[in-house]
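S.K.: Model the structure of this input:
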Amino acid sequence: MHKRALQAASFLGVMGLVGAWGAMRAEAAPTYAGSRFVNVWNEVKSNPYRTLPQVRVSVASFFSWGTNLLERAAKRTIASEDDVLPRFDKLVHPNGICLRGTWNMTEPSPYTGYFEQGKQGVVIARASTALSGTTRSSYRGFGMAVKLFPTNNPAHATPLKTANFFVIDDLGGTDLRNYLDAQMTNEPNTSIRFSSILIAPIAAAATSAFTAADKNPGIRQLYPVAELGLAPGKKAVSPKYIKVVGAPYEKRQDKSEFREELNVALYGGYLDFDVMVSENKTGPFTRIGYLEFSESVTSDSCDHRLHFPHPKFR
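M.R.: From the prediction side, this is the model:
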């Protein structure tokens, strides 16, 4: 299948597209006032799984009684800024694990907002794989959505508006043994494999839906982070590319299932990912800080209530 079709098919929906509920909900939504970190995280961990579900993705998942659920969902996930929604189905990345932690910018850079040196915030992230594969027995497209709160106090009293960004390593999937080795960026590569032929109908349906929602679904821009906490009248400066990868000093766990690999308890209670930026897709990338996760959970709310708004392309 065509490389551009596969690229458009997967990335707009990375970590966040909704299903039947989002498709049936009216496009208009109340004005977004923000969220409290503790409220969102408490919802995410409120209903943990006893056993990990294995949700399969098919073309049939995208349609109901002649309605293109994916297209409606793609448009809503750009229009809605809500951090938590009534229960819905994620159509493209249904299998995930949620993590709480901190955003830490340690190095100088020309960028603004929460890219500035010294900025710290609390985050809720969802790590996932594209489509159905979750174990080493299949090619896996590793990805992560990050929801950043502009405070280092997880118990902050008032609702805060969040910034969200998205990274994925390879839309065609890879045979990497470990999630921590994935080179996840906001404009991922696309490897064409024999298995891509098998998912061509899914890719074709998704391509139509995603391009109807945004004019350039192959890249997720980073301006929400550069604008977060920015003083009035100050111009935002954002990197074009971001890369997130497991810190080299973290021990790689021998777990076939990526959700088991990302269990923070296996790392002594702290799991770090380096955050790097560049103005060129091929690099070089410069490390400007890190994400540090202190808790993880697999839950129904992680997969069916947590929402990551997608920034519309500018």
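S.K.: What helices and strands are in contact with the helix or strand containing Y290?
M.R.: Using DSSP states H and E, the element containing Y290 is strand 286-297. In terms of contacts (3 or more CB pairs under 8 Å, 6 or more residues apart in numbering; DSSP states H and E), strand 286-297 is packed against strand 96-105, strand 120-129, strand 271-278. From N, CA and C alone the C-beta is placed, and that goes for glycine too.
S.K.: 6 Å - rerun?
M.R.: strand 96-105, strand 271-278 (3 or more CB pairs under 6 Å, 6 or more residues apart in numbering; DSSP states H and E).
S.K.: Enumerate the positions of stretch 159-169 that are buried.
M.R.: Buried residues in stretch 159-169, counted by 16 or more other CB atoms under 10 Å: 160, 162-169.
S.K.: Format the helices and strands packed on strand 286-297 as CSV; extra columns: mean neighbour count, mean pLDDT and distance to F142.
M.R.: Formatted as CSV, the helices and strands packed on strand 286-297 follow (neighbours: other CB atoms under 10 Å; pLDDT from 0 to 100; distance: least, CB to CB, whole Å):
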stretch, mean neighbour count, mean pLDDT, distance to F142
strand 96-105, 23, 98, 11
strand 271-278, 22, 98, 12
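S.K.: how about the ones you listed in JSON lines, adding distance to S80?
M.R.: As requested, those are arranged in JSON lines below (distance: least, CB to CB, whole Å):
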{"stretch": "strand 96-105", "distance to S80": "19"}
{"stretch": "strand 271-278", "distance to S80": "26"}
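S.K.: mind checking which of those strands is nearest D181?
M.R.: Closest approach to D181 among the helices and strands packed on strand 286-297 (CB to CB): strand 271-278, 11.3 Å.
S.K.: so how far is the closest one from its chain's centroid?
M.R.: Centroid separation for strand 271-278 versus its chain: 14 Å, with CA atoms, centre = their mean, to the nearest Å.
S.K.: quick one: strands adjacent to it?
M.R.: Counting by DSSP bridges, the strands paired with strand 271-278 are strand 241-246 (antiparallel), strand 286-297 (antiparallel).
S.K.: Give the bridge partners for the most centrally placed residue in the chain, please.
M.R.: Geometric centre of the chain, nearest residue: A145, 1.9 Å, by CA atoms, centre = their mean. Legend: beta-bridge partners of A145 under DSSP bridges are R126, F166.
S.K.: any weak-confidence spans in the stretch 101-250 of the chain?
M.R.: Counting by pLDDT under 70, the stretch 101-250 of the chain contains low-confidence residues at 192-217.
S.K.: residue ranges of the strands in it, please?
M.R.: 120-129, 142-149, 163-168, 184-185, 241-246 (DSSP state E, counting those that start in this stretch).
S.K.: between these, which gets nearest to L230?
M.R.: Taking CB to CB, strand 163-168 is the member of the strands of the stretch 101-250 of the chain nearest to L230, at 10.5 Å.
S.K.: where's the closest one relative to the chain centroid, distance-wise?
M.R.: 5 Å.
S.K.: Show residues contacting it.
M.R.: Here strand 163-168 makes contact (CB atoms under 6 Å, 6 or more residues apart in numbering) with 14-15, 141, 143-148, 184-186, 188, 220, 222, 224-225, 228, 244, 308-309.
S.K.: returning to what we had before: is it true that the residue nearest to the centre of the chain touches R126?
M.R.: Yes: the pair A145 / R126 is scored as a contact, 5.0 Å apart, by CB atoms under 6 Å.
S.K.: and of the helices and strands packed on strand 286-297, who's closest to D82?
M.R.: strand 96-105 (16.4 Å).
S.K.: Also compute the angle for that closest one relative to strand 163-168, please.
M.R.: With axes from the mean of the first three to the mean of the last three CA atoms, to 10 degrees applied, the angle from strand 96-105 to strand 163-168 works out at 120 degrees.
S.K.: ok, what's across the strand from the closest residue to K119 other than its chain neighbours?
M.R.: Nearest residue to K119, sequence neighbours excluded (CB to CB, 6 or more residues apart in numbering): M105, at 4.4 Å. Legend: beta-bridge partners of M105 under DSSP bridges are G289.
S.K.: okay, stretch 268-276 in PDB with CA atoms only?
M.R.: Extracted in PDB, the C-alpha atoms of stretch 268-276 (Å, rounded to 0.1, in the frame of the first residue of the first chain):
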ATOM      1  CA  GLY A 268      12.100   0.600  41.500                       C
ATOM      2  CA  GLY A 269       9.200   3.100  41.300                       C
ATOM      3  CA  TYR A 270      10.800   5.500  38.800                       C
ATOM      4  CA  LEU A 271      11.000   5.100  35.000                       C
ATOM      5  CA  ASP A 272      12.700   7.800  32.900                       C
ATOM      6  CA  PHE A 273      12.400   8.800  29.200                       C
ATOM      7  CA  ASP A 274      14.700  11.400  27.600                       C
ATOM      8  CA  VAL A 275      13.100  14.300  25.800                       C
ATOM      9  CA  MET A 276      15.000  15.600  22.800                       C
END
